[in-house]
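Colleague: Using only what follows, build the 3D model:
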Amino acid sequence: MKYLFLISIFFIINAYSSNIDNKETAEKYFDKAKKSKNKLIAINLYKKSCELGLSTGCYNQYFLDKLNYKPLIKSCDLNFAQGCLETGIYYEKIKNKTKSMNYYKKGCKLNNAQSCYNSGVINYKNYNDKKAVIFFKKSCKLGDKSACNILKKI
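Modeller: Model (predicted):
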């Protein structure tokens, strides 16, 4: 019975994904994935949209399949600021400060306030107050009230 179910899923996934051949189609499949109640189908559709360069497809693929962090990195590589923030958080959790800082910096360049804030915190913890202030100022400018409050105290 499980075998038949898996075969059915395979055919459904292939039917949905066989026609993805450009970004416009990728966006349509992305929309279908958002509406899908079947996690396996959604993951495959997001994966296909990611392969075609749709950053939000990569980002959503990661959040459905957290065992595979590569789509998250690709979402940042495709200049999706929130993907850079989440990739920075991922690397911070596994204690890779250099990579986390690099992804936070990129997210900050893409105007993600939380990435700027996190860059400021890391610099502040490493006694680099000048750099911390630069990141906190940008985060504040982007609307992060926590960064604005920290700037009042530094």
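
Colleague: what's the domain layout of this protein?
Modeller: 1-78, 79-154 (automatic domain parsing).

Colleague: Put together a markdown table for these, with mean pLDDT on each row.
Modeller: Below are the domains of the chain laid out as a markdown table (pLDDT from 0 to 100):
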| stretch | mean pLDDT |
| --- | --- |
| domain 1-78 | 68 |
| domain 79-154 | 94 |
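
Colleague: Quick one: the helices in this protein, in order.
Modeller: For the chain, the helices defined by DSSP state H cover 2-17, 23-35, 39-51, 55-64, 70-77, 81-93, 97-109, 113-125, 129-141, 145-153.

Colleague: Please produce CSV containing those helices, extended by mean neighbour count.
Modeller: Where C-beta positions appear, they are placed from N, C-alpha and C, glycine not excepted. Shown next, in CSV, are the helices of the chain (neighbours: other CB atoms under 10 Å):
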stretch, mean neighbour count
helix 2-17, 12
helix 23-35, 16
helix 39-51, 22
helix 55-64, 22
helix 70-77, 20
helix 81-93, 21
helix 97-109, 20
helix 113-125, 22
helix 129-141, 18
helix 145-153, 13
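
Colleague: residue contacts, the residue most central in space within the chain?
Modeller: The residue lying closest to the centre of the chain (CA atoms, centre = their mean) is Gly83, at 2.1 Å. Contact analysis of Gly83 by CB atoms under 8 Å, 6 or more residues apart in numbering lists 55, 58-59, 72-76.

Colleague: could you dump the residues you listed to TSV with distance to Asp144?
Modeller: As requested, the contacts of Gly83 are exported to TSV (distance: CB to CB, whole Å):
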residue	distance to Asp144
Ser55	22
Cys58	25
Tyr59	21
Leu72	22
Ile73	24
Lys74	26
Ser75	21
Cys76	19
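
Colleague: Out of those residues, which comes closest to Tyr90?
Modeller: Proximity of those to Tyr90 (CB to CB) peaks at Leu72, which lies at 6.4 Å.
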